[in-house]
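Chemist: Predicted coordinates and the sequence they were generated for:
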Amino acid sequence: MDKTILRDITYGMYIVSSGNDEIKAGCIINTLTQITSDNPIVTISLNKNNYTNQIIKQTKKVAISILSEKVNPNLIATFGFKSSSEIDKFTDFKYEDINGIPVILDEVVGYIIGDVLDIIDCETHDIFIIKLTDSKKLSNLKPMTYTYYHEVIKGKAPKNAPTYVEEDIVNTKEEIYVCDVCGYVHKGPLPDNFVCPICGVDVSHFKAKN
Ligand SMILES: Cc1cc2nc3c(=O)[nH]c(=O)nc-3n(C[C@H](O)[C@H](O)[C@H](O)COP(=O)(O)O)c2cc1C
């Protein structure tokens, strides 16, 4: 099987969140698909190891914020590379409790909110089928696509993302350093004060590859 063709499937970029009075969880996803229109239903795929998956199974409620091209890269670093089981990801960003769910509003296009209708077990991941109960468009900003994230922001997806691919770093004479947190590849000499442009960690997290 040639898995490289999977990189040509197109997606958007989102934050899925959930919670109640005691706990808040959220993470970056790209795997959102609209299934129906009159009775709006969408699906998302969530790794079973992601804390957000466990919280959605408890609350059965989900919010999905549609990220724009203007999104703060720290939002992606926090929600895409850290776990809500260890930190409160929401404190540094604009969010509101809407219908009891924390919803990220920082430079987003808008949000949708819904209830979990069903969950399908897909080995490492679960597909959540979500019936929408509320939605709001908040700006005319351009929605960020997964391709924009890769090509313009030069971002990567971590191992828990369904679309994760191992980097092919082949026979180059350039020095190559790879971030052990987010997989960002830096080509050329690495300055001592270098900070990962995707997840914000320092040079100690960069491993030489050649
Ligand atoms: C670009 C990008 C796309 C991602 N897509 C998904 C996805 O569709 N499903 C998923 O489970 N994780 C996805 N992830 C990974 C989660 O966001 C990441 O594992 C997060 O740290 C989980 O946080 P949590 O433990 O608080 O739920 C993606 C991450 C990035 C950066």
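Modeler: Perfect, I can see it now.

Chemist: Quick check: which element contains the residue nearest the centre of the chain?
Modeler: Closest to where the C-alpha atoms of the chain average out (CA atoms, centre = their mean) is residue 28, at 1.7 Å. Following DSSP states H and E, one finds residue 28 within strand 24-29.

Chemist: what's the average pLDDT for that strand?
Modeler: The average pLDDT for strand 24-29 rounds to 98.

Chemist: contacts for that strand?
Modeler: By CB atoms under 8 Å, 6 or more residues apart in numbering, the residues outside strand 24-29 that reach it are 13-19, 44-46, 50-52, 54-56, 64, 76, 79-80, 84-85, 88-90, 102, 104, 161. Where you see a C-beta, it was placed from the backbone N, CA and C, and this is true even at glycine.

Chemist: out of those residues, who's near the ligand?
Modeler: Subset of the contacts of strand 24-29 in contact with the ligand: 45, 46, 50, 51, 52, 76, 80, 84, 85, 161, counting by CB under 6 Å from any ligand atom.

Chemist: Number of residues surrounding residue 48?
Modeler: Close neighbours of residue 48, defined as other CB atoms under 10 Å, add up to 14.

Chemist: how about it, what does it touch?
Modeler: 124, 125, 126.

Chemist: for this structure, which spans come out with low pLDDT?
Modeler: Within the chain, the segments meeting pLDDT under 70 span 166-172.

Chemist: need the residues of this structure near the ligand, please.
Modeler: 25, 27-31, 45-47, 50-52, 76, 80-85, 149, 155, 157-158, 160-162.

Chemist: Just the buried ones from those?
Modeler: Neighbour counting over the residues of the chain next to the ligand (16 or more other CB atoms under 10 Å) leaves 25, 27-31, 45-47, 50-52, 76, 80-81, 84, 149, 155, 157-158, 160-162 as the buried ones.
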